[in-house]
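Undergrad: Need coordinates for the below:
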Amino acid sequence: MTGFGLISCVKKEIKLLEKGSIKTSNHHDSSYRLKLIYEEIFGLIKKHQPQVLAIESLFFNTNAKSASAVGQAIGVVKLAAAQGKTQVFEYPPLKIKMKLVGNGRAEKSQVQSKVRQTLRLRKIPRPTHAADALAVAICHWLEKG
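TA: Numbering: from 1, shown residues only. Take a look at the predicted model:
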């Protein structure tokens, strides 16, 4: 699943535009799943025409197969951004947590709570992949603000 979150930042005002996730099935081969991710992201870029796209950089742990799939997804997201003439910024997980919570080792629940608070939402955004994507977007806003 690939999460996305779009925010609008005008001066000191930040608001949620759209959030969600791109679900792909393991029943399809990887090239088809990557095509779906590309098409969805490119469609969002065409619809909203963002100035920038912020993405979480690949965090490689122990599962090489999973890391490879995530890396490929990141590649098609970057391709969609390039096709849409949208500048890409990448942030590692530790920096995202540090910017939002002030602790690079923060728990996922702390980051999600800060996303909810920053966007003035009643509930933590769901699905969790969308909340993660919104955290990256907010991190960029705080970094470049």
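Undergrad: quick one: contacts for G43?
TA: Counting by CB atoms under 8 Å, 6 or more residues apart in numbering, G43 makes contact with nothing. C-beta: built from backbone N, CA, C; applies to glycine.
Undergrad: and it, that's in a helix?
TA: Yes. Checked against DSSP: H, G, I helix; E, B strand; the rest coil, G43 lies within a helix.
Undergrad: Distance-wise, check it relative to V101.
TA: 32 Å (CB to CB, to the nearest Å).
Undergrad: For this structure, just list every one of the strands.
TA: 2-10, 13-22, 52-56, 87-91 (DSSP state E).
Undergrad: Would you format those as a markdown table with mean pLDDT and mean neighbour count included?
TA: Formatted as a markdown table, these follow (pLDDT from 0 to 100; neighbours: other CB atoms under 10 Å):
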| stretch | mean pLDDT | mean neighbour count |
| --- | --- | --- |
| strand 2-10 | 94 | 18 |
| strand 13-22 | 95 | 16 |
| strand 52-56 | 96 | 20 |
| strand 87-91 | 97 | 15 |
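Undergrad: any chance of the ones you listed in TSV, plus distance to I138?
TA: Below are the strands of the chain laid out as TSV (distance: least, CB to CB, whole Å):
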stretch	distance to I138
strand 2-10	7
strand 13-22	7
strand 52-56	9
strand 87-91	10
